[in-house]
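below is the structure, and that's it, no one-letter string:
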């Protein structure tokens, strides 16, 4: 059975009922078709984005949604950090991919052997390093 890790923007699109999220992904999550995880790093990113006034989602709302749809919060452990340490830093469109949130989610996905769901154009660069990716299209 496939196990999925949701990228932060996918979680935000779920929480805001955004049309950007593929209908099939939304239905899969909301009808409990597979095990889903959200990294504690994504929750941290949501708190920071709210503080910066880029989103209006509060942590309690996010956690309530996760509980309602049985999405497990994935903590960060030493194995994830070790995988992060070994990740290359790809150059994409002339820029190094250094986003700490993205890189931790990628490391967790690789370490746990979960398929990450994302629309981020930088993520396919990690497929050669063990990343399993489902692109939201």
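On my side now, so go ahead. Every value quoted in this text rests on a predicted model; they were computed, and no experiment measured them.

name the helix or strand of this structure that has the lowest mean pLDDT.
Least confident helix or strand, the chain: strand 91-92 with a mean of 88, by mean pLDDT, DSSP states H and E.

and that one, which strands flank it?
When pairs are called by DSSP bridges, strand 91-92 turns out to pair with strand 95-96 (antiparallel).

helices or strands up against the helix or strand following the strand it pairs with?
Per DSSP states H and E, the first helix or strand lying C-terminal to strand 95-96 is helix 100-112. With contacts defined as 3 or more CB pairs under 8 Å, 6 or more residues apart in numbering; DSSP states H and E, the secondary structure elements packing on helix 100-112 are strand 4-6, strand 36-39, helix 40-51, helix 78-86, strand 115-118. Where C-beta positions appear, they are placed from N, C-alpha and C, glycine not excepted.

nearest approach to residue 103 belongs to which of these?
Comparing the helices and strands packed on helix 100-112 against residue 103 with CB to CB, the closest turns out to be helix 78-86 (6.1 Å).

so for the closest one, what's the average pLDDT?
In this model, helix 78-86 has an average pLDDT of 98.

off-centre distance for that helix?
For helix 78-86, the distance between its averaged C-alpha position and the chain's averaged C-alpha position is 16 Å (CA atoms, centre = their mean, to the nearest Å).
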